[in-house]
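> Sequence first, predicted coordinates after that:
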Amino acid sequence: MPIKIPDHLPAKEILTKENIFVMNESRAYTQDIRPLKIVILNLMPTKEQTETQLIRMLGNTPLQIDVSLLHPSTHESKNTPRAHLNMFYKTIEEVQQQRFDGMIITGAPIETLPFADVNYWSELQSILDWTTTNVTSTLHICWGAQAGLYHHYGINKQPLTEKLFGVYPHTVEVPNVNLLRGFDDVFLAPHSRLTTVARVDIEQVEELDILSASREAGVYIAGSKNGKRIFVMGHSEYDAHTLKQEYERDLAKGVEVALPHNYFPNGNATSLPPLQWRAHSNLLFSNWLNYYVYQETPYDFTDVTDYSI
């Protein structure tokens, strides 16, 4: 089924070339279908790239999706043109009276900052509180997952001795959980971060389950038992070349960084890296949309008074 995005969003042309079924707004309004309303809070500096990556994942399902994009009003983006934000993005003030079937909160390259020092932290806290009553299920990614765990459960992140950077094998920790339905016993996923959340800290919260982990990368996916909050520590949405771009960006800044683990063929940074995690990524987003959003959300939002967890 198609995914509805704004008519002139740059991601539309890219995804159309990839044979992802995208629908413009005018056609969508003529259909008598109640699409899933998904809102993406995009905290990444490369917003256009992240839009494309996430919409690609959402578009590879049999469900019709209506995507809205949010950015923090209390943060001035240095890498995304103001015209792009004005045309395609909204702020929480503009949508806070609405209800959404699902929400995605992205990562942000600010892991080493204490949460209180993030200039939009107060706004993000308000948004996280808002998801409790206005969103059926929220998918938090990387720093977004760390922020969500800290805000909702008081679990703080911890610094790593070196950057966790590369593609790592993971295993399923909880058999038969719907989010990981159809997953292989061992699957790959990329990580790129300087901090982590300790397994023991998550295990002390009765409301949370650790669903997937890696011997090398630590906890990968955790979630509340009722599926209202999902925390993904890695970047399953990444393209094949995203880690390569990050590696080259760090080198250009003079940052000492090792080659991404298990990424470049034969450890050769000039080689084109293969995409080793696409099947797992598609399944992760498809399962979340199906079992935690579509199967749980009401058809008529007026019937709902609270999504409290």
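Nice, thanks for sending it over.

> and F183, what does it touch?
V172, S212, H280, L283 (CB atoms under 8 Å, 6 or more residues apart in numbering). Any C-beta I mention is one placed from the backbone N, CA and C, and that applies to glycine too.

> That one in helix, strand or coil?
coil (DSSP: H, G, I helix; E, B strand; the rest coil).

> now it: how far from S214?
Remark: distance between F183 and S214 (CB to CB, to the nearest Å) = 13 Å.

> picking up where we left off before, for the contacts of F183, which one is nearest Q53?
Here the nearest of those to Q53, counting by CB to CB, is H280; it sits at 14.6 Å.

> Read off the pLDDT value for the closest one.
Predicted confidence (pLDDT) for H280: 95.

> my read: it touches V186, true?
No. Using CB atoms under 8 Å, H280 makes no contact with V186, being 10.2 Å away.

> And what about the nearest residue to Q96 once chain neighbours are set aside, helix, strand or coil?
Closest residue to Q96 apart from its sequence neighbours, by CB to CB, 6 or more residues apart in numbering: W130 at 6.1 Å. Look at W130: counting by three-state DSSP, its state is helix.

> What about W130, how many residues nearby?
Neighbour count of W130, defined by other CB atoms under 10 Å: 16.

> Start the count at 40 instead of 1 going forward.
Okay, using 40 as the starting number, the last item reads as W169.

> Using CSV, write out every CA atom in the helix or strand hosting L124.
If you go by DSSP states H and E, L124 is part of helix 121-127. Extracted in CSV, the C-alpha atoms of helix 121-127 (Å, rounded to 0.1, in the frame of the first residue of the first chain):
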residue,chain,number,x,y,z
ARG,A,121,14.8,27.1,7.0
ALA,A,122,12.7,26.9,3.8
HIS,A,123,12.6,23.1,4.0
LEU,A,124,11.5,23.2,7.6
ASN,A,125,8.9,25.8,6.9
MET,A,126,7.5,23.8,4.0
PHE,A,127,7.5,20.3,5.4
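
> Run through the bridge partners of the most centrally placed residue in the chain.
With distances taken as CA atoms, centre = their mean, the residue of the chain nearest its centroid is I180 (3.9 Å). Listed by DSSP bridges, the beta-bridge partners for I180 are V271.

> Isn't it up against V271?
Yes. Applying CB under 8 Å as the test, I180 and V271 come out as touching, 5.2 Å apart.

> returning to that earlier point: check the offset of whichever helix or strand comes after the helix holding L124 from the chain's centre.
As assigned by DSSP H and E, the chain's next helix or strand after helix 121-127 is strand 128-129. Here strand 128-129 is found 17 Å from its chain centre; the criterion is CA atoms, centre = their mean, to the nearest Å.

> Let me see the residues that make contact with strand 128-129.
With contacts defined as CB under 8 Å, 6+ apart, strand 128-129 is touched by N81, S107, L108, L109, H110.

> for those, which one is nearest Y330?
Distance to Y330 across the contacts of strand 128-129 (CB to CB) is lowest for S107, with 22.0 Å.

> Dihedrals phi and psi, that closest one?
phi -120, psi 150 (degrees, to the nearest 10).

> repeat for the one 5 residues further on
When quoted as degrees, to the nearest 10, the phi and psi of S112 stand at phi -70, psi -20.

> buried stuff in the helix or strand D289 falls within?
Assigned by DSSP H and E, D289 belongs to helix 281-291. Using 16 or more other CB atoms under 10 Å as the test for burial, helix 281-291 gives T281, L282, K283, E285, Y286, D289.

> just checking, what packs against it?
strand 197-211, strand 225-235 (3 or more CB pairs under 8 Å, 6 or more residues apart in numbering; DSSP states H and E).

> now do 7 Å
Counting contacts by 3 or more CB pairs under 7 Å, 6 or more residues apart in numbering; DSSP states H and E, helix 281-291 packs against strand 225-235.

> is it true that F154 touches Q185?
No. Contact criterion CB atoms under 7 Å: F154 and Q185 do not qualify, at 8.3 Å.

> who has more neighbours, the two?
Q185 (25 against 16).

> if I've got this straight, the more buried one is in a strand?
No. The assignment for Q185, made by three-state DSSP, is helix rather than a strand.

> which residue ranges form the helices in the protein?
49-56, 64-67, 86-98, 121-127, 131-134, 160-173, 182-192, 238-242, 281-291, 317-326 (DSSP state H).

> before we move on, back to that, of all the buried residues of helix 281-291, which comes closest to Y331?
Using CB to CB, those come closest to Y331 at T281, 25.2 Å.

> residues in contact with the closest one?
Going by CB atoms under 7 Å, 6 or more residues apart in numbering, T281 touches no other residue.

> Please apply the same query to E335.
Neighbours of E335 in contact, by CB under 7 Å, 6+ apart: T175, S176.

> ok, now how distant is it from V211?
Distance of E335 to V211, computed by CB to CB: 22 Å.
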